[in-house]
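**Q** Just the structure for this:
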Amino acid sequence: MKLKLKIAALLLLLTAIVGAGVFVAGCSKAPDKTADPAASGSKTLYTCGMHPWIIQDHPGNCPICGMKLEAVHKNATTDSASGGHKILYYKSTMKAGETSPVPAKDSMGMDMVPVYAGGDTESTAIAVDPQTIQTMNIQTTEIARGPLRRTIRTVGTIDYNETTLADVTTKFKGWIEKLDVDATGQLVHRGEPLFAIYSPDLYSAEVEYLLTLNQSSTNDPGAAVLRESAANKLKFYDISEAQVADLDKTGKPRKTLQILAPIDGFVIQKNVVEGQMVDAGMKLYQLADLGIVWVYAQVYEQDLPYIRLGQEAVVKISSLPDREFRGRVTYVYPNVDEKTRTARVRLEFENPGYFLKPGMFVSVKIISELAPSALLVPDSAILRSGEKNTVFVALPGGKFDPRTVVLGPQAENDMYQVISGLRDGERVVTSGQFMLDSESQLREAIQKMRGPTGADVNVPAVTSMTNMEPATSTNVVKEGMVYVCPMPAHVSITYDHPGNCPICGMALVPVTPGELKQLQPGGKVLYYTCPMPEHNSVHEDKPGKCPICGMTLIPVMAAPDAGTNPAPPATNSSSATNSAAKQLYTCPMHPEVISDKPGKCPICEMNLVPVKTPVR
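**A** Numbers count the residues shown, from 1 in each chain. Predicted structure coming up:
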């Protein structure tokens, strides 16, 4: 009986030991499926909270500040965007618009990052929770359209109106007998006496005139001629008709003659005293009418394009800070001061009450309206980094998308015109965007370190151009194309935007860098051709329109002498044959789009056509 009990207890003990072993073995195998990072396929990166560009694939300390590196968790949206989507192209993280169809380095030597189909916005957008938004003090504002006005503020000086200055002189020699106006600055009116002068020549002319009047025979033709000659002599001495009529009435010559003021104005120069002998042509007085004054404003050369004749200008003077004076721009002088780098702009103002006095300093404000409606963004929303301007756009769900924008001229109230990159009604970040910019750079750095996984990189060149986003095509146009006037005398000036020539008003035409080299200023015009590559067979001997597409013809200048441009060295015949056989394709509407394979234009989706003249 005791033996059976011992055997039963032994069997129970063995069963318990086996069960415990199985349980322990099962528990020890479970963590291996989830805890091993290599098995799960995830990769943990570590970065510094103070220096987010420090990224390592193992824990440690920051080499700059010594802080402990923190683990960075991979974003789920990035995994979903890169895991199952096709790579469209690779873009530079340092220079906007620079792309490549295959993995490569950009012009600054940095690795390009992939852009996935349907996942570009999600991969660049930054998700921030509401509490963090409040902590970072992120503020947004809605952009809208408004008038594009530029305010030019400068200084100026008041001067006399040169068209109203008058000199008082005599056409005969004499002596000043009496001065009626004996002080500089005195106000005189037209016809008031200035001084009385005695002149022997004038007295003889009066006597001669009276003698012709006293002749008894008025019907004698000779007497009439003498009478007319004597009257003209007095008139040529600037004797007024009223004074001649008084001489006829009295019949006696006068010793002195009063000289009258020719205009209303102030005496600004007085060069005569009583008893002085004066010669013919000597300037005795100078009068100035201050009813209209000129203001010479100094405008910097970068502000000259915004100055137009007839614009309204406002000036203020320090002695009367409670009022403003409104006038107009009447002339822009053609020269720039070499020392101050400013040009003189003449303004004209009415001067009732004579508050504007010549010699005063004034502050000038000129408002130029460049466009009645333009898309405007606040200056506080723009992050500038060299030639790149970035704006963070607020998206639904607490996301922020960094956008590269192209800016136009600065407007009033610290606003800038947006040429491309934003749309009307979007909200942009005006405060706290520096924290978002750091997070955006961190995201791009992590994406570059992980690299593309399982992506098909065998993308042909034309496919990358057709799948490229429109902003890239715009940058290509802006960087590769310039605009010139079709007039031969104006081809020395290039413009970075379409429009009309400011000199002759003709429409500017786009030219490629290769075509620009043929447009030599001052050279001989060989012929005029169409800027479209497929219409380069059009040769005309005068400017006009292309008979095929209607575009404005551009001149082709004669090549320089062979002595100035030596011939290139000889090349291998096989390489020359391969170069000659190279065929390029371009868009009929956008000649700046050039590809080495057929396809579609990334701008207008038209089929690319072969270039008739292959590039050698």
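
**Q** in this protein, which helix or strand is least confident?
**A** Averaged element by element with mean pLDDT, DSSP states H and E, the chain has its least confident helix or strand at helix 461-466 (a mean of 32).

**Q** which residues touch the residue nearest the centre of the chain?
**A** The centroid of the chain falls nearest to Pro409 when counting by C-alpha atoms, centre = their mean (4.6 Å). Counting by C-beta atoms under 8 Å, 6 or more residues apart in numbering, Pro409 touches 148, 150, 306, 370, 416-417. In this view, the C-beta of every residue, glycine as well, is placed from N, C-alpha and C.

**Q** what do you get for Met360?
**A** 157-158, 317, 319.

**Q** what's the answer for Leu553, then?
**A** Leu553 makes contacts with 486, 528-531, 538, 540, 543-546, as judged by C-beta under 8 Å, 6+ apart.

**Q** again with Ser318
**A** By C-beta under 8 Å, 6+ apart, Ser318 lies in contact with Phe361.

**Q** One more: Ser431?
**A** 137-139, 380.

**Q** repeat that for 7 Å
**A** 137-139 (C-beta atoms under 7 Å, 6 or more residues apart in numbering).

**Q** May I have the beta-bridge partners of it?
**A** Counting by DSSP bridges, Ser431 is bridged to Gln139.

**Q** Equivalent analysis for Val525, please.
**A** Met557.

**Q** coming back round to it: make a ChimeraX selection of the buried ones in the contacts of Leu553.
**A** Burial among the contacts of Leu553 is assessed by 16 or more other C-beta atoms under 10 Å; the matching ChimeraX selection reads:
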select :486,528,529,530,531,538,546
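
**Q** Looking at the contacts of Leu553, spot the one nearest Met112.
**A** Ranked by distance to Met112 (C-beta to C-beta), those are led by Pro531 at 32.5 Å.

**Q** does the closest one count as helix, strand or coil?
**A** Secondary structure, DSSP: H, G, I helix; E, B strand; the rest coil: Pro531 is coil.

**Q** And Gly514, by the same measure?
**A** Classification of Gly514 by three-state DSSP places it in helix.

**Q** Leu202 falls within a helix, correct?
**A** Yes. Remark: Leu202 belongs to a helix, assigned using three-state DSSP.

**Q** now Ala125: how far from Glu426?
**A** Ala125 is 13 Å from Glu426, where distance means C-beta to C-beta, to the nearest Å.

**Q** Tell me if I am right that Glu228 is in a strand.
**A** No. Per three-state DSSP, Glu228 lies outside any strand segment and is helix.

**Q** What is the burial count for it?
**A** Counted with other C-beta atoms under 10 Å, residues neighbouring Glu228 total 11.

**Q** Check Pro510 too.
**A** Counted with other C-beta under 10 Å, Pro510 comes out at 20.

**Q** quick one: contacts for it?
**A** Neighbouring residues of Pro510 by C-beta under 7 Å, 6+ apart: 481, 483, 531.

**Q** One more: Gln56?
**A** 46, 69.

**Q** does it have beta-bridge partners, and which?
**A** Under the criterion used (DSSP bridges), Gln56 bridges to Tyr46.
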